[in-house]
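*Asks:* Fold the following for me, if possible:
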Amino acid sequence: MEQNSERVDEGRLIHQTAYPQRAEKYQEISLDGIKIDYYDPETHTVHEIKKTDKMENAHLWQVKYYLYILSQNEISNPKGVLEYPKMKQKKDLELLEEDISKIKQIKQHITQIIDSEIAPERNKKSICRNCSYYDFCWINEPEENEIKL
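*Replies:* Residues are numbered from 1 along each chain as shown. From the prediction side, this is the model:
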């Protein structure tokens, strides 16, 4: 669904313009269902670029999940760099033991949801409207300003 998202297109543009030399210097890799745009195989470092830090916690966990997948595929001591070029900020990240435990718990919870015959109740948040999966979650719901008969 992300192929139709303006926000994803904007993110792609930031990737291409913020660090134009990245494509030559780093590799793009796909592994176990993830796609890492910028990976430095020499230092085992994932570089993830984001527009703003509005959803920083989600960004941090995205990178930590990438590091987890790399470590599960015998990449020793993977590191991450979360970058916000428009804000001129970056954060160095590493995968800690407590992160691995949390990721395993989250994966187990996701598996329970997938295996359940009943979908969990939707929890509409203010960020939902900007999500590329909005229509998937809310397709049968009337707009808030629609008149209910």
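*Asks:* Output the below-cut-off pLDDT ranges for the chain.
*Replies:* 1-23, 140-149 (pLDDT under 70).
*Asks:* Longest helix in it, by number of residues?
*Replies:* As assigned by DSSP state H, the longest helix anywhere in the chain is helix 97-115.
*Asks:* Give me the buried positions along whichever helix or strand comes after that helix.
*Replies:* Where DSSP states H and E defines the elements, the next helix or strand beyond helix 97-115 is helix 134-138. Within helix 134-138, no residue is scored as buried using 16 or more other Cβ atoms under 10 Å. Placement of C-beta: from N, CA and C, glycine included.
*Asks:* How about stretch 60-76?
*Replies:* 60, 61, 62, 63, 64, 65, 66, 67, 68, 69, 70, 75.
*Asks:* And those residues, which is closest to residue 135?
*Replies:* Set against residue 135, the nearest of the buried residues of stretch 60-76 by Cβ to Cβ is residue 62 (21.9 Å).
*Asks:* Setting the sequence-adjacent residues aside, check what's closest to the spatially most central residue of the chain.
*Replies:* Geometric centre of the chain, nearest residue: residue 62, 4.2 Å, by Cα atoms, centre = their mean. In space, and not counting its chain neighbours, residue 62 is closest to residue 48: 6.6 Å by Cβ to Cβ, 6 or more residues apart in numbering.
*Asks:* cool, residue 34 as well?
*Replies:* residue 69 (5.4 Å).
*Asks:* Roughly how far does that neighbour sit from residue 30?
*Replies:* Residue 69 sits 10 Å away from residue 30, going by Cβ to Cβ, to the nearest Å.
*Asks:* Alright, that wraps it up for me.
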